[in-house]
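In: need a structure here:
(chains A, B, C and D)
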2 protein chains.
Amino acid sequence: MSETTTGAVTGDMANQYERISADLRRQIDSGELTEGDRLPAETALAEHYSVSVPTVRQGVGVLQSEGLLEKQHGRGTFVRRKPTPAVRSNLRHQWEKDRAREPESERLKTGATEHDTGLTVDDLIFDAKYEQVPASPDLAAAFKLPEGTMLLKRTYKTRHSNERAPFNISRSYLPLELVEANPDLLREELEPWPGGTQNQLFTLGIELDRIVETFRARPPMDNEAIALGLPVGVSVVILRKTSIDTTDRVVEISDVVLPGDRTEIVYTTKLDRW
Amino acid sequence: MSETTTGAVTGDMANQYERISADLRRQIDSGELTEGDRLPAETALAEHYSVSVPTVRQGVGVLQSEGLLEKQHGRGTFVRRKPTPAVRSNLRHQWEKDRAREPESERLKTGATEHDTGLTVDDLIFDAKYEQVPASPDLAAAFKLPEGTMLLKRTYKTRHSNERAPFNISRSYLPLELVEANPDLLREELEPWPGGTQNQLFTLGIELDRIVETFRARPPMDNEAIALGLPVGVSVVILRKTSIDTTDRVVEISDVVLPGDRTEIVYTTKLDRW
DNA sequence: GAGTGGTCTAGACCACTGT
DNA sequence: CAGTGGTCTAGACCACTCC
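Out: This next block holds a predicted model:
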C-alpha cells in the first residue's frame, strides 16, 4: 500500500471497488452529491476511475445495499432520498380504546393511521380484502384455539395517494365465531371502519385489557420487496399485535409488514412507584 | 417463455441467475439442503447449471441477501443457520426497577441480559469502556440540556463466550453532574455493575418514572456489519432508550445497535378499563 | 434512436482455509 | 499444496426510458 489516489479517502483501499464506493460515499456525505442527483453513467465512471464497468457496478452495489444509492433501469443511478418515517407509538392503543365508545360522528374524524403519520384522510388510499380461512398451526397456537378453527382474515394495504408503494401491508385475524354476532363486520365494503378494530370489538361487547406486540427485522422476501417498493438492502419490520380482552382471551391477531427504513416505533413503559 | 428446466420451479424464469437462485431456494425449503450444509463449489455449480461462474455468483448473491446462504472465503458457501433470537421485553424495565433496591447478594444472581436471553452469567462476556464527552446537538436535545454539557459515555459489548461476534453494542449516556455524587460510578473496572443502571441511579437517589424507547431498522454501516458479524442483507435495529425520572428529568439515554435477525422485541401495553 | 442499466461470457490472478 | 471464494477485465447483447 504505497499510494492510491483519485478520491483521497481514508483507510487501506485494497480494492478498486472499495476505492470507488468510498469516493462516492464521500461525495454524498460532503454534499457534492445530494438527494435526487443522478450519477454519471457507468461507462463514464469506469473511465473516470480507470476500471472496467463491472468493477464500477460492484462499487455502486456497496452503496446501494447501504441504501445510499438507487438504480433505475434505463434512467440512471440516483442518490436516494432519506424517507420520512411514519411513527408508530403504543400510545395509539389507549387513544383508540378511548375513542371506541364515542359516537360515529367523532370516530369519523380521523383514524389511527392518520394519528400516527399526521396525514389527513384524503391523503391515504386504503384497500381491504376479507376472507374466511382455517387457522394455521402458528395462528391456532397464538389464539389458543384448535388448528383449523375458522378465522376472518382481513388484508389491508395503505398508501399515500401520490405514491405507488404502500407503506404497510397488514393482515388481521379474528375468530369467525366471535364476529358473527355482528354481520356488518363481515362486509369488506364497510371499510375503512370508523374507529377501527377496537370499535368493531366494542359492538360485540368486547373490551381489551392489553396488547402485546412482538417485532423483528429481516430481509424482505422477493414479493414483499416488490409490494413495498423496497430498494436492495432495506429490511422489513415484522410486527405481530396480539389483542387480549378482559377475560384473558386472544381476540385479534394482526401481522404487519413495514418497510424498515420508513418506520419508527415508539414505546413508552410506565413504571410502578417504589 | 416456452420451456426452461433443470430445477422445475414456478414463475417465468427469465434469467439464468434467477433460475439458479430459485432452484437453490427450493432445495433449502424442501430440506434437500439443510442448515450448515456446504454447497458445491462455484465452478461445480456453473457446470451443473451450464452457466459461467459470475452468473452462479449472482444467483447465490440473491439468496445471500435474503440471509439464506453465507459465504466463507476459502471454505465454501453454506446454508445459514437460523439464529436463535434474543428476546427483549419491556417487562424487563419493571423487573429491573424492582430489583434495584435489593441487597447486592440478590442483585449478583443475574442481570437483565441473562433475564432476556435465558443464558447464565458464565456464558456471557462483557466489555465496558468509559469516557467523558460533551453532548452532541442530538444528545443535548434529547436530554434537554445545553449543547456541550459533559456526559459520561459508557460503551458496552456483550457476546457469547463461544462466539466471536457480540450480539449487541450499546452506548449509554448520563449527565456527568448527576453521577459525580457517587465516584464509584466513574470506575469502569466495577462493571458489570450488579443490578444495572437502575441500581446505579438508586445510589444517587433517583427513581425512574417511565422509559421511552424508539426503534428503527436500517442497513448496517460497514463497521457495524463487521463488529456484529452480520452477513450481507441483514439490517441492524437501532433502539434508543430514554429513562425519565419522577421529576420528569431525562437521566439516561442508551443507544443500542442490535443485529436485526437475532433480535425479537416484545412490548406489552396495558390499557385502562372503561 | 440514443442513452441508460441488466444479464452473461470466458477467462486471469489473488487471498484465504484447510491438509 | 489443493480447493475455495474474491477481484477484475473486456468485451457482447438485451431491456428499459425518454425524446
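In: let me see the backbone angles for the closest residue to DNA strand D within the stretch 51-200 of chain A.
Out: For the stretch 51-200 of chain A and DNA strand D, the shortest gap (CB to the nearest atom of the strand) falls at A:Gly74, measuring 2.5 Å. To be clear about C-beta, it is placed using only N, CA and C from the backbone, and glycine gets the same treatment. Main-chain dihedrals, A:Gly74, degrees, to the nearest 10: phi 80, psi -10.
In: and it, what pLDDT?
Out: On pLDDT, A:Gly74 comes in at 89.
In: could you do A:Val257 as well?
Out: Note on A:Val257: pLDDT of 88.
In: and it, how many neighbours?
Out: Using other CB atoms under 10 Å in any protein chain shown, A:Val257 has 19 neighbouring residues.
In: any idea what it is bridged to?
Out: Counting by DSSP bridges, A:Val257 is bridged to A:Ile169, A:Ile238.
In: next, the contact list for it, please.
Out: A:168-170, A:224, A:228, A:236-238 (CB atoms under 8 Å, 6 or more residues apart in numbering or on different chains).
In: for the helix or strand harbouring A:Lys71, buried residues please.
Out: If you go by DSSP states H and E, A:Lys71 is part of strand A:69-72. For strand A:69-72, the neighbour count (16 or more other CB atoms under 10 Å in any protein chain shown) marks A:69-71 as buried.
In: that strand: partners in the sheet, and parallel or antiparallel?
Out: Strand A:69-72 is paired, per DSSP bridges, with strand A:76-79 (antiparallel).
In: is stretch A:29-47 up against chain B anywhere?
Out: No - for a cut-off given as CB under 8 Å from any CB of the partner chain, stretch A:29-47 has no contacts with chain B; the smallest distance is 11.6 Å.
In: next: stretch A:179-199.
Out: No - Stretch A:179-199 lies out of reach of chain B by CB under 8 Å from any CB, never closer than 9.2 Å.
In: ditto for stretch A:214-222
Out: Yes - counting by CB under 8 Å from any CB, chain B is contacted by stretch A:214-222 at A:214-219, A:221.
In: so what's the residue count around A:Arg80?
Out: With other CB under 10 Å as criterion, A:Arg80 counts 20.
In: quick check: bridge partners of the nearest residue to it once chain neighbours are set aside?
Out: In space, and not counting its chain neighbours, A:Arg80 is closest to A:Glu70: 4.5 Å by CB to CB, 6 or more residues apart in numbering or on different chains. For A:Glu70, the beta-bridge partners are A:Phe78 (DSSP bridges).
In: again, but for A:Glu131
Out: A:Lys153.
In: was I right about it contacting A:Met150?
Out: No - the criterion here is CB atoms under 8 Å, and A:Glu131 misses it with A:Met150 at 10.5 Å.
In: which residues are in contact with stretch A:74-81?
Out: A:28, A:33-39, A:41-42, A:60, A:67-72, A:231.
In: near DNA strand D, which of those residues show up?
Out: Near DNA strand D, taking CB under 7 Å from any atom of the strand as the test, the members of the contacts of stretch A:74-81 found are A:Gln72.
In: what are the ranges of the strands in chain A?
Out: A:69-72, A:76-79, A:86-89, A:124-134, A:150-160, A:168-175, A:208-218, A:236-245, A:250-259, A:263-270 (DSSP state E).
In: partner strands of the last one, with direction?
Out: Paired with strand A:263-270 in the same sheet, following DSSP bridges, are strand A:86-89 (parallel), strand B:208-218 (antiparallel).
In: right, and the ones you listed - which one's nearest DNA strand D?
Out: Comparing these under CB to the nearest atom of the strand, the one sitting nearest is strand B:208-218, at 22.7 Å.
In: could you check the angle the closest one makes with strand A:236-245?
Out: 140 degrees (axes from the mean of the first three to the mean of the last three CA atoms, to 10 degrees).
In: and strand B:208-218, what's buried?
Out: Applying 16+ other CB under 10 Å to strand B:208-218 flags B:208-209, B:211-218 as buried.
In: which of these sits closest to chain A?
Out: Set against chain A, the nearest of the buried residues of strand B:208-218 by CB to the nearest CB is B:Ala217 (3.4 Å).
In: contact partners for the closest residue to the closest one other than its chain neighbours?
Out: Counting by CB to CB, 6+ apart, A:Gly260 is the residue found nearest to B:Ala217 once chain neighbours are left out, at 3.4 Å. With contacts defined as CB under 8 Å, 6+ apart, A:Gly260 is in contact with A:217, A:234-237, B:216-218, B:235, B:260.
In: tell me, how many residues neighbour the closest residue to A:Tyr156 other than its chain neighbours?
Out: Spatial nearest neighbour of A:Tyr156, chain neighbours left out: A:Ser170 (4.7 Å); criterion: CB to CB, 6+ apart. Other residues lying near A:Ser170 total 18 when counted by other CB under 10 Å.
In: nearest residue to the middle of chain A?
Out: By CA atoms, centre = their mean, the mean C-alpha position of chain A lies nearest to A:Leu258, the distance being 1.5 Å.
In: how much space between that residue and B:Leu228?
Out: Distance, A:Leu258 to B:Leu228, by CB to CB, to the nearest Å: 22 Å.
In: repeat that for A:Gln27.
Out: Distance from A:Gln27 to B:Leu228, counting by CB to CB: 27 Å.
In: neighbour count winner among the two?
Out: Per other CB under 10 Å, whichever of A:Gln27 and B:Leu228 has more neighbours is B:Leu228, with 22 against 16.
In: I'm done for today, thanks for sticking with me.
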